[in-house]
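Trainee: sharing a model that was predicted from the sequence below.
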Protein chains: 2
Amino acid sequence: MKKTYVMAPGPTMVPEEVLLEMAKPMIHHRTSQYKDIFKKANEGLKYVLKTANDVFTLASSGTGAMEAAVVNLLSKDDTAIVIRGGKFGERFGEMCEAYGVKVIPVDVTWGTPVDAEVIKKKLAENKNVKAVFATLAETSTGTKNDIEALGKVVASTSAVLVVDAVSGLCADALETDKWNVDVVCSGSQKGLMLPPGLAFISMSKKAMDMVAKSNLPKFYFDIKEYKNALDKDDVPWTPGVSLVRGLCKTMDIIKEEGIDNVIARHARLANATREAVKALGLKVYSSSPSNAVTPVNVPAGIDGEALVKTMRTKYGVTIAGGQSELKGKVFRIAHLGYMVEFDTLTAIAALEMVLKEMGYKFDVGSGVAAALKALAG
Amino acid sequence: MKKTYVMAPGPTMVPEEVLLEMAKPMIHHRTSQYKDIFKKANEGLKYVLKTANDVFTLASSGTGAMEAAVVNLLSKDDTAIVIRGGKFGERFGEMCEAYGVKVIPVDVTWGTPVDAEVIKKKLAENKNVKAVFATLAETSTGTKNDIEALGKVVASTSAVLVVDAVSGLCADALETDKWNVDVVCSGSQKGLMLPPGLAFISMSKKAMDMVAKSNLPKFYFDIKEYKNALDKDDVPWTPGVSLVRGLCKTMDIIKEEGIDNVIARHARLANATREAVKALGLKVYSSSPSNAVTPVNVPAGIDGEALVKTMRTKYGVTIAGGQSELKGKVFRIAHLGYMVEFDTLTAIAALEMVLKEMGYKFDVGSGVAAALKALAG
């Protein structure tokens, strides 16, 4: 017998009751039945994002919400600061360039967080900057940025702060309103415990004022259309009905646990994973690790891609390898979404089994012991 | 006891085994397990579209595929012919305008099909036209266009023929390659019997040559990214994993019945619906009715919106009202996707019950009798 565990940083595992909720017979979206579900899901999103701003739900992957931020906030030849500390930060830059927005890149060494003072300086030097694009948890490097500090720096300028919280939401703290985050982008298949297919974007008043002026071309992702519809608990295009139904259910689950407890649970699992990694003589790649995913340096003499593949094919545990320049150099163990202590122990146990098979020298059992010590402590 | 039936032109009902397939535990998309599913789904899409062209699957609603056609084929200041005979034809025009594409509108009286000769003339007068945007089944009016005739007219020019087959696919015949349809746009929640959330777009070689030259800005819908990924059975952004799993299953169902039989079944249900409507003394709105949905004129003295609402709330049968200028003037009964003879009889029966309650004068039972006669005949 082999059970399967998805412990990559998205898609994540979906609670059984959510799977069954989404398996209910189809309903039509222009009905009061759907509107009630949609309304409840929207209230839940505000609760999770800690915001009074509107949160718009798109039928797309998280990348769609990121594009929606770019095309709705900016105009041709506008200038934006893009913090690039990994694959997803870079994506914001690529999007800006695709739409003719000038990018002031702030390149951050992979695996380290951005220094808010650097952004403060850049903003002071470039008064024409309209938006700062940042990442809460950079999935490719498992690195958390200090969004609170960025919020302080950006709020006093005319620029908006846009945060990619696709993988960070529910794992790392995010106080949208308190921290002055104008725009939050997220997706369904991470901390929100749903299959992929929905993306979310919240917009502050400052952001909506920019939306009104933006001249970049758009249609499917036009936030003005979503706003007009949302005011009637409606959507402009056919929504992801079954996924929104599931969202309504995961919102119940998150509310019952409490969003602060959800984040504390992620912190606990992430800490246990890091302790286990240390006990195994391995090194966490990031100097500011996110609670969503722990990136680990592949030790010398071990084939990083084979490690990830063996964990999945032999033990049923799907973790992630490295992306782009980190391919083969790190592996990433997620503790994201529908996961509890025993799942993290499972991940560490499978890792130990594979490391042993691959000839890595360590004290078998030391990883799970360290993790359990951290979890029980 | 009340059962519910979704008989609007999308979202449509989803077969129970497909609902359960999508309720399976999440899997990661960068695995051979997912690639096998994706590959099989792609082969199925080619079978359904009757094409050897690549069919790209987007995580979006059908509108996303329509936008993908516009932004990938055209360049700024290009000229396109847009056939506008309803809300969805108009949408192509709105998209073109949003992206700075010049539109030559061909306005067709709602409820009637376009005359291919008119398009032939327009193309002859405007040699610079790069694309002709047409609709297989215009959902808002329930009208089918003669795509074969349009294909003949467009193929000999340098323009590409783009067909919105979102609601027409599987209901009305579509021979993508035989009819020289360069681009077909479709969605998951209609004839393909899935929840909303996936969109599809096929591209001929002529279309892909235009994609290579297009300069309109795009990122999420950039077909070049999808093409690069597809060549490795992969996707550029996180795909709608559970929906693609469901797609793989509906492809099995469609293949087992045979696509020509699927279309013949839709023709049979549509014909029975039209016969019932006639027997009830009502009139079909369209002069070229699609097999996807039958639009019916609301008879004098009857409140069209109340009729639709009562069918849903009292009898559990969701049909659609009129959109835009047809609001309150027509109701639309779909026979689309996961529907058999008995579902159509149910729709007619519920319609008769409501018509009787609303004081419409007719011979109760004449509708179901006429439908059954057509079905058994």
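Mentor: Perfect, I can see it now. Numbering: from 1, shown residues only, chains lettered A, B, ... in the order given.
Trainee: remind me which helix or strand A:Pro295 belongs to.
Mentor: With elements taken from DSSP states H and E, the one containing A:Pro295 is strand A:293-297.
Trainee: can you pull the residues of the stretch 101-250 of chain A lying near chain B?
Mentor: A:187, A:189, A:195-197, A:216-222, A:237-243 (C-beta under 8 Å from any C-beta of the partner chain). Bear in mind the C-beta positions are built from the backbone N, C-alpha and C, glycine included.
Trainee: among these, name the ones in helices.
Mentor: Counted as lying in helices by DSSP state H, out of those, are A:241-243.
Trainee: surely A:Leu169 meets A:Leu45?
Mentor: No. The criterion here is C-beta atoms under 8 Å, and A:Leu169 misses it with A:Leu45 at 9.7 Å.
Trainee: so between these two, which is more surrounded?
Mentor: A:Leu169 (30 against 23; other C-beta atoms under 10 Å in any protein chain shown).
Trainee: okay, angle between the longest helix along chain A and strand A:293-297 too, please.
Mentor: For chain A, the longest helix by residue count, based on DSSP H, is helix A:259-279. Angle, helix A:259-279 to strand A:293-297, by axes from the mean of the first three to the mean of the last three C-alpha atoms, to 10 degrees: 10 degrees.
Trainee: helix A:259-279 - contacts with which helices or strands?
Mentor: strand A:293-297, helix A:341-357, helix A:366-376 (3 or more C-beta pairs under 8 Å, 6 or more residues apart in numbering or on different chains; DSSP states H and E).
Trainee: most tightly surrounded among those?
Mentor: strand A:293-297 (a mean of 27; mean count of other C-beta atoms under 10 Å in any protein chain shown).
Trainee: how far off centre is it?
Mentor: Centroid separation between strand A:293-297 and its chain, computed with C-alpha atoms, centre = their mean, to the nearest Å, is 15 Å.
Trainee: same deal with stretch A:180-192?
Mentor: 6 Å.
Trainee: ends of that stretch, what's the gap?
Mentor: 22 Å (C-alpha to C-alpha, to the nearest Å).
Trainee: what's downstream of the strand holding A:Pro295, the next helix or strand?
Mentor: Per DSSP H and E, the helix or strand that comes after strand A:293-297 is helix A:304-315.
Trainee: so what touches that next one?
Mentor: Applying C-beta atoms under 8 Å, 6 or more residues apart in numbering or on different chains, the set of residues contacting helix A:304-315 from outside is A:2, A:298, A:317-322, A:327-331, A:350-351, A:353-355, A:357-358, B:28, B:31.
Trainee: can you list contacts of the helix or strand just after that helix?
Mentor: Using DSSP H and E, the helix or strand that follows helix A:304-315 towards the C-terminus is strand A:317-318. For strand A:317-318, the external contacting residues (C-beta under 8 Å, 6+ apart) are A:4-8, A:311-312, A:346-347, A:350-351, B:27-28, B:31.
Trainee: stretch A:150-159 now?
Mentor: So stretch A:150-159 is contacted by A:81, A:114, A:116-117, A:119-120, A:123, A:127, A:129-132, A:134, A:160-161, A:163, A:179-182 (C-beta under 8 Å, 6+ apart).
Trainee: same thing but 7 Å
Mentor: With C-beta atoms under 7 Å, 6 or more residues apart in numbering or on different chains as the test, stretch A:150-159 has contacts from A:116, A:119-120, A:123, A:129-132, A:134, A:161, A:179-181.
Trainee: mind listing what's buried in stretch A:12-28?
Mentor: For stretch A:12-28, a neighbour-count test (16 or more other C-beta atoms under 10 Å in any protein chain shown) marks A:12-15, A:18-19, A:21-23, A:26-28 as buried.
Trainee: ok, which pair from the contacts of strand A:317-318 is furthest apart?
Mentor: A:Leu351 and B:Ile27 (19.9 Å; C-beta to C-beta).
Trainee: re the thing from before, save the contacts of stretch A:150-159 as TSV, and put in secondary structure, pLDDT and neighbour count too.
Mentor: Listed next are the contacts of stretch A:150-159 as TSV, based on DSSP: H, G, I helix; E, B strand; the rest coil; pLDDT from 0 to 100; neighbours: other C-beta atoms under 10 Å in any protein chain shown:
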residue	secondary structure	pLDDT	neighbour count
A:Ala116	helix	98	19
A:Ile119	helix	98	23
A:Lys120	helix	98	17
A:Leu123	helix	98	19
A:Val129	strand	98	22
A:Lys130	strand	98	20
A:Ala131	strand	98	26
A:Val132	strand	98	27
A:Ala134	strand	98	28
A:Leu161	strand	98	27
A:Trp179	coil	98	20
A:Asn180	coil	98	20
A:Val181	coil	98	30
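Trainee: so which of these is the closest to chain B?
Mentor: Nearest to chain B among these: A:Ala131, at 15.7 Å, using C-beta to the nearest C-beta.
Trainee: that closest one and A:Lys122: what is the separation?
Mentor: Here the criterion is C-beta to C-beta, to the nearest Å. By it, A:Ala131 lies 12 Å from A:Lys122.
Trainee: all strands of chain A, in order?
Mentor: Under the criterion DSSP state E, strands of chain A are mapped to A:5-6, A:54-59, A:79-84, A:102-107, A:129-135, A:137-138, A:143-144, A:160-164, A:183-187, A:198-203, A:293-297, A:317-318, A:320-321, A:330-334.
Trainee: list the buried residues in the fourth one.
Mentor: This points to strand A:102-107. Buried-residue list, strand A:102-107, by 16+ other C-beta under 10 Å: A:102-106.
Trainee: sorry, back to before: of the contacts of stretch A:150-159, closest to B:Ala371?
Mentor: Closest to B:Ala371, out of all of the contacts of stretch A:150-159 and judged by C-beta to C-beta, is A:Val181, at 56.9 Å.
Trainee: tell me the domain ranges of chain A?
Mentor: A:5-10+A:258-376, A:16-257 (automatic domain parsing).
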